[in-house]
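mind folding the following:
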Amino acid sequence: MSSSVQRLEATGSALRDALVRQDWSAIGELDLQCRLAVEAAMVDSQDEAQLRSSMENLLALYRELVSVCQAEQQRLAGELIQLNQSHQGAKVYQLFG
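Below you'll find the predicted structure:
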């Protein structure tokens, strides 16, 4: 296995760990590292089967990441809506209280 494919797999593993922890700042940094590792692996790798396997694993990870991000976005949107409704309710209470 080439060093660039190993780097790709290590970066993907770190990205998965960050996803489990929901460490969004680490995910952002690791996303950039993954992009660079993919570029390097595409150029350097001689083992097409290993590269394909690594890329498929990374693709599955990114699908999971997108799904988790969408769920988190919906959760935060719900919290913001609830906060806004509470704020509006407090304004009404102040008008009549």
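
so who does S45 touch?
2, 4-5, 51 (CB atoms under 8 Å, 6 or more residues apart in numbering). In this view, the C-beta of every residue, glycine as well, is placed from N, C-alpha and C.

quick one, helices of this structure?
3-21, 24-44, 48-96 (DSSP state H).

just the angle between the last one and helix 24-44, please?
So that's helix 48-96. Here the directions of helix 48-96 and helix 24-44 differ by 160 degrees (axes from the mean of the first three to the mean of the last three CA atoms, to 10 degrees).

quick one: stretch 40-48 to chain centroid distance?
24 Å (CA atoms, centre = their mean, to the nearest Å).

just the buried ones from the contacts of S45?
4-5, 51 (16 or more other CB atoms under 10 Å).

now do the spatially closest residue to L8 that is not a sequence neighbour, the pLDDT please.
Nearest residue to L8, sequence neighbours excluded (CB to CB, 6 or more residues apart in numbering): A37, at 4.2 Å. Among the per-residue scores, A37 holds a pLDDT of 92.

and A37, what does it touch?
The contact partners of A37, by CB under 8 Å, 6+ apart, come to 4, 7-8, 11.
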